[in-house]
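[1] Predicted structure and sequence below. I'll ask about it afterward.
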Amino acid sequence: LAKTTQPISMDSYEGQEVNITCSHNNIATNDYITWYQQFPSQGPRFIIQGYKTKVTNEVASLFIPADRKSSTLSLPRVSLSDTAVYYCLVGDPSTGGSYIPTFGRGTSLIVHP
Amino acid sequence: DGGITQSPKYLFRKEGQNVTLSCEQNLNHDAMYWYRQDPGQGLRLIYYSQIVNDFQKGDIAEGYSVSREKKESFPLTVTSAQKNPTAFYLCASSIPGQGTEKLFFGSGTQLSVL
């Protein structure tokens, strides 16, 4: 499984754009990149998933360069409610039993007033 | 509403006692997972099951046991052999083999030792 590296923590202010980068140097050809968000005392929830270039949904954007060795989760105009831990996962969901979602420590984002 | 339900929300264990955490889903998902989370840490995989009547050990299975007799249910037993059970336990489910697989999590069970 591809190992991921993220910053342990980040700080931002309300209204700013936040970019969280995840490194995954040994990503495999068929691997997807998935991001989850976790609030205290809750289970993580899916935010976005992508394979290459750019993916956007109502919550965030995901930028993936051509070499796919890193990816950046972009949160536009954050608010206090975006304070959470963000996890980057890499793997090939299509492999069925051999894909085991593995979570690292994630990035703790704190949004200040 | 479809979802994944964990109970109880809080659980206390006495020394030498086995306790069972419940996880039920009505999403018709084949795969289910148990994770453990310690304060300030990420999620560590305890056990997972890709299909009924089959399950596999994760990274930290020692001191835990599971069963998967029904598709909807994946209970986790924390045995007395688990010497440091205090943690937040999360159950998740997904549809394996899908190109855009995503995990759905329950709201968790906080287990503490008396």
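    Everything's here; your move. Numbers count the residues shown, from 1 in each chain, chains lettered A, B, ... in the order given.

[2] switch to C-alpha atoms for all contacts and neighbour counts from now on
    OK.

[3] Contacts only, for residue 88.
    Let's take chain A. In this structure, residue A:88 makes contact with A:4, A:6, A:22, A:33, A:34, A:35, A:36, A:103, A:104, A:106, judged by CA atoms under 8 Å, 6 or more residues apart in numbering or on different chains.

[4] The chain in question should be chain B.
    So residue B:88 contacts A:41, B:36, B:37, B:38, B:108, B:109, B:110, B:111 (CA under 8 Å, 6+ apart).

[5] Now tabulate the contacts of residue A:88 in JSON lines and tack on secondary structure, neighbour count and distance to residue B:43.
    JSON lines is the format used below for the contacts of residue A:88 (DSSP: H, G, I helix; E, B strand; the rest coil; neighbours: other CA atoms under 10 Å in any protein chain shown; distance: CA to CA, whole Å):
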{"residue": "A:4", "secondary structure": "coil", "neighbour count": "22", "distance to residue B:43": "14"}
{"residue": "A:6", "secondary structure": "coil", "neighbour count": "19", "distance to residue B:43": "15"}
{"residue": "A:22", "secondary structure": "strand", "neighbour count": "25", "distance to residue B:43": "17"}
{"residue": "A:33", "secondary structure": "strand", "neighbour count": "24", "distance to residue B:43": "17"}
{"residue": "A:34", "secondary structure": "strand", "neighbour count": "23", "distance to residue B:43": "15"}
{"residue": "A:35", "secondary structure": "strand", "neighbour count": "23", "distance to residue B:43": "14"}
{"residue": "A:36", "secondary structure": "strand", "neighbour count": "20", "distance to residue B:43": "12"}
{"residue": "A:103", "secondary structure": "coil", "neighbour count": "19", "distance to residue B:43": "5"}
{"residue": "A:104", "secondary structure": "coil", "neighbour count": "17", "distance to residue B:43": "7"}
{"residue": "A:106", "secondary structure": "coil", "neighbour count": "27", "distance to residue B:43": "9"}
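
[6] Give me the below-cutoff pLDDT ranges for chain A.
    Applying pLDDT under 70 to chain A picks out residues A:1-2, A:93-98.

[7] so where do the strands sit in it?
    All strands of chain A, identified by DSSP state E, fall at A:9-13, A:18-23, A:32-38, A:45-50, A:53-56, A:61-64, A:70-75, A:84-91, A:107-112.

[8] Check what contacts the last one and list those residues.
    Here strand A:107-112 makes contact (CA under 8 Å, 6+ apart) with A:6-14, A:20, A:78-87.

[9] How far does stretch A:42-54 stretch from one end to the other?
    In stretch A:42-54, first residue to last residue: 28 Å (CA to CA, to the nearest Å).

[10] wait, does that stretch contact chain B?
    Yes. Looking at stretch A:42-54 against chain B by CA under 8 Å from any CA of the partner chain, the contacts come from A:42, A:43, A:44, A:45, A:46, A:49.

[11] what about stretch A:56-71, start to end distance?
    End-to-end distance of stretch A:56-71: 13 Å, with CA to CA as the criterion.

[12] List the buried residues for that stretch?
    Going by neighbour count (16 or more other CA atoms under 10 Å in any protein chain shown), the buried part of stretch A:56-71 is A:60, A:61, A:62, A:63, A:64, A:68, A:70, A:71.

[13] show me what contacts the second one?
    In other words, residue A:61. Residue A:61 touches A:48, A:54, A:55, A:73, A:74, A:75, counting by CA under 8 Å, 6+ apart.

[14] So what sits opposite residue A:108 in the bridge?
    Bridge pairing for residue A:108 (DSSP bridges) gives the partners residue A:9, residue A:85.

[15] Tell me how many other residues crowd it.
    21 (other CA atoms under 10 Å in any protein chain shown).
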